[in-house]
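In: Let's see this in three dimensions:
(one chain, ligands or ions: 1)
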Amino acid sequence: MTQQIHIVEDDVAFGKMLTSFLERKGFAVSVSLTGKNARKAIAENNFDLLITDLHLPDDSGLDLLEFSQKVSPKTKVILMTGYAEVDTAVKAIKKGALDYISKPFRPEELLMVIEAESRELKTKLKSKSEKENDDSVAHENDFKSTDNFQSKPNFVVGISESSKKFNEYLKLVGPTDMCVLIQGESGTGKEVAAKAIHNYSKRKDKNFVAVDCGAIPKEIAASEFFGHVKGSFTGAVNDKKGHFEAADGGTLFLDEVGNLSYENQIQLLRALQERRIKPVGSNAEIDVDVRILSATNEDLQKAVSEGKFREDLYHRLNEFSIHIPSLHERKEDLFLFIEYFLAEANNSLGKDVIGLSKEVEEAFKNYSWPGNLRELKNVIKRSVLLTNSQFIPLEVIPREVILSENSKRSQMDFSRESNEKQLILNALKAADFNKTKAAKLLNITRKTLYNKIEQYQIEL
Ligand SMILES: Nc1ncnc2c1ncn2[C@@H]1O[C@H](COP(=O)(O)OP(=O)(O)OP(=O)(O)O)[C@@H](O)[C@H]1O
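Out: Sure thing, here's the model as predicted:
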């Protein structure tokens, strides 16, 4: 079936360009120029995908994301951001956006993001239907990746002390039946860690069911977790198994567990205590044997002290806790991950890129990677797509990676000469040696740039 895409973009020409490109690729595309029109369109249609600018004259992409999640929960959302807005983009991912793409981008990059997500979805739906062999069982909200970890034995363990330690913990706690709370920033690999725990356990041949608690509207959470019987509420046209039954004998991974409403927390706690569930609208109770792993990127203890998360549930979920370090804290592992993601990208895109150019290597080392492994993986994949030589050149790297961290630092630390010279060189290269553009990137005047070029005797 043709995928329906809605673009929200106030730049008419850019919107048109994206539309005709995506239509040529076989998508059905419509466009809104304002947030107001977009809201109307979202409420009236069941778009598969919404691609929205972060800044609109009358609205914000983040608010549109929330609106869309409420009125059309199945619509996936991709945000288009300006460079240096990664922090906001990461916030959007935490709120449930599928991905973000930094402007300026080429339409091929957007297509790659869309195709990667539809591929993941298809594989997932396929493996679901194979496993469950029952059409009435649907876990529509479970769009998290359920890659088979065993088929990828080469996941990176890392050489940094913190990586070695947390991987030891995974091995240690894996074979037990303890509930584990995995904490770490967004994109650090919490789901990969949960899958590893599952694979180290005796449950490994049973299902691993991942549920994104942040994506389930609280009104339907009980039916998602415990299932429902036909006719129990409007829209319940078939009996439906819930996540607990789907994970029976195996592992249930609750991602973003801090996002569960208070009422849903009580229901979950009861199910964990009694090891029994009751589908919505049914009188019969069903015994379930499920190991719970959960993950959060917020401070759950703080949520407990503020009364937002139940203390009894917190202790139940947290029989053992594992902290996954951010990529920034495990810089020694950076090049292992780069190698791994490069091989993965070459493989999936049919390319043969050997590595990073020296300048890109430098830029990667200096960047703080706020979106962690997910951001690194995306940046590498997009860059591999755009690289037509053996080594990834600076030109294909998103500007925020080249500049934001350095330029932030430069405001505080502009006196460090080598740093400054490198920064200016990077900006010049990124701007194709156009000085006006380079000055803009650096956030300095053209005159200052000329002075600096002279001061450092940069040859142009
Ligand atoms: N050890 C690893 N080796 C290779 N790839 C990894 C590893 N850990 C994570 N990844 C990759 O990094 C990306 C982010 O990982 P994952 O989805 O597990 O993060 P997360 O912390 O669960 O994110 P979120 O908080 O947004 O749910 C995924 O594409 C995953 O395949």
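
In: Specify the local secondary structure of residue 185.
Out: The three-state assignment at residue 185 reads coil, by DSSP: H, G, I helix; E, B strand; the rest coil.

In: neighbours around it, how many?
Out: 21 (other C-beta atoms under 10 Å). In this view, the C-beta of every residue, glycine as well, is placed from N, C-alpha and C.

In: next one: phi and psi at the residue most central in space within the chain?
Out: Among the residues of the chain, the one closest to the centroid is residue 93, at 5.4 Å (C-alpha atoms, centre = their mean). Dihedral pair for residue 93: phi -60, psi -40, per degrees, to the nearest 10.

In: Which residues are in contact with the closest residue to it other than its chain neighbours?
Out: Nearest non-adjacent residue to residue 93, counting by C-beta to C-beta, 6 or more residues apart in numbering: residue 186, 5.8 Å away. Counting by C-beta atoms under 8 Å, 6 or more residues apart in numbering, residue 186 touches 90, 93-94, 297, 371-372, 374.

In: surely residue 45 meets residue 28?
Out: No: if you go by C-beta atoms under 8 Å, residue 45 and residue 28 don't touch, sitting 10.2 Å apart.

In: pLDDT wise, what is the residue nearest to the centre of the chain at?
Out: pLDDT recorded at residue 93 is 77.

In: Quick check: the gap between it and residue 204.
Out: As judged by C-beta to C-beta, to the nearest Å, residue 93 and residue 204 stand 29 Å apart.

In: With residue 192 instead?
Out: For residue 192, the distance to residue 204 - C-beta to C-beta - is 15 Å.

In: do residue 223 as well
Out: Counting by C-beta to C-beta, the gap from residue 223 to residue 204 is 28 Å.

In: For the residue of the stretch 151-300 of the chain found nearest the ligand, give me its contacts.
Out: Residue nearest to the ligand within the stretch 151-300 of the chain (C-beta to the nearest ligand atom): residue 189, separated by 2.8 Å. The contact partners of residue 189, by C-beta under 8 Å, 6+ apart, come to 324, 372-373.

In: nearest to the ligand, of those?
Out: Each of these was checked against the ligand using C-beta to the nearest ligand atom; the closest is residue 373, at 3.6 Å.

In: Out of the contacts of residue 189, which are close to the ligand?
Out: With C-beta under 6 Å from any ligand atom as the criterion, these include residue 373 near the ligand.

In: Verify the stated contact: the residue nearest to the centre of the chain with residue 187.
Out: Yes: Residue 93 is in contact with residue 187 according to C-beta under 8 Å; the separation is 7.3 Å.

In: Mutual contacts of these two, please.
Out: 371, 374.

In: So stretch 157-175, near the ligand or not?
Out: No: figure legend: stretch 157-175 not in contact with the ligand (C-beta under 6 Å from any ligand atom); closest approach 6.8 Å.

In: how far out from the middle of the chain is that stretch?
Out: 23 Å (C-alpha atoms, centre = their mean, to the nearest Å).
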